[in-house]
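Visitor: Provided below for reference: sequence and predicted model.
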Amino acid sequence: MKLRSLIVVSLFFILSCKVTEKPEFININGLKIKHSTAKEVEIQANAHFLNKNSVGGKLQINKIKVFVDSIFIATIDSKIFDVPKEEAFTIPLTVNIPYDKVFKNNKKDLLNNIMNMLLRKKILVQFKGGIRYKLGDFYYDYELDYTDNISIQIK
């Protein structure tokens, strides 16, 4: 009798766990300059997800390349986030961009880009790469390609 009750209770718990789909990628938004100094600027965007499952998992940023005005600047990598169960959640995509790297990579068109930034008062930022959802041996890769403008204030 105890064995039968144990089996019934175990089956109830196993069947009540909903693991039918990967977390849903909603969008990326909220691109902004989070912090800036004389040496670098920190840019952040937010990736929004919805997990309808009754189990969590992990999300890992997987080599997201960051471009500023079409110039490769940096790679975001190796950040791991816990996925909450049955909940909408957000993970930040944050990158520190040293000014000297922008200038070093773009010596040829430096003056042209500075003039364009001053006239437009905007910079174009692109996040391109992937985020991996992992739960045990199961994984799913989300491909990201997000581009937006950040308004800059020149004083």
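Guide: Alright, I've got the coordinates. Numbering: from 1, shown residues only.

Visitor: ok, which stretches of the protein are strands?
Guide: 24-36, 40-51, 58-68, 71-76, 80-82, 87-98, 122-135, 138-151 (DSSP state E).

Visitor: what packs against the last one?
Guide: Packed against strand 138-151, as judged by 3 or more CB pairs under 8 Å, 6 or more residues apart in numbering; DSSP states H and E, are the following elements: strand 24-36, strand 40-51, strand 122-135. In short, each C-beta sits where N, CA and C put it, glycine included.

Visitor: would you mark the buried spots in that strand?
Guide: Residues of strand 138-151 classed as buried by neighbour count (16 or more other CB atoms under 10 Å): Y142, L144, Y146, D148, I150.

Visitor: ok, of the strands of the chain, where does mean pLDDT dip lowest?
Guide: Per-stretch mean pLDDT for the strands of the chain is lowest at strand 71-76 (a mean of 86).

Visitor: what's the angle from that strand to strand 87-98?
Guide: 130 degrees (axes from the mean of the first three to the mean of the last three CA atoms, to 10 degrees).

Visitor: buried set for strand 71-76?
Guide: I73, A74, I76.

Visitor: give the pairing partners of that strand; include direction for each.
Guide: Strand 71-76 pairs in its sheet with strand 58-68 (antiparallel), by DSSP bridges.

Visitor: center of this structure - which residue?
Guide: Centroid-nearest residue in the chain, with CA atoms, centre = their mean: L93, separated by 4.1 Å.

Visitor: what is G130 paired to in the beta sheet?
Guide: Judged by DSSP bridges, the bridge partners of G130 are N62, E143.

Visitor: change the start of the numbering to 5 and stick with it
Guide: Sure, I'll start counting at 5 from here, so that last one is G134.
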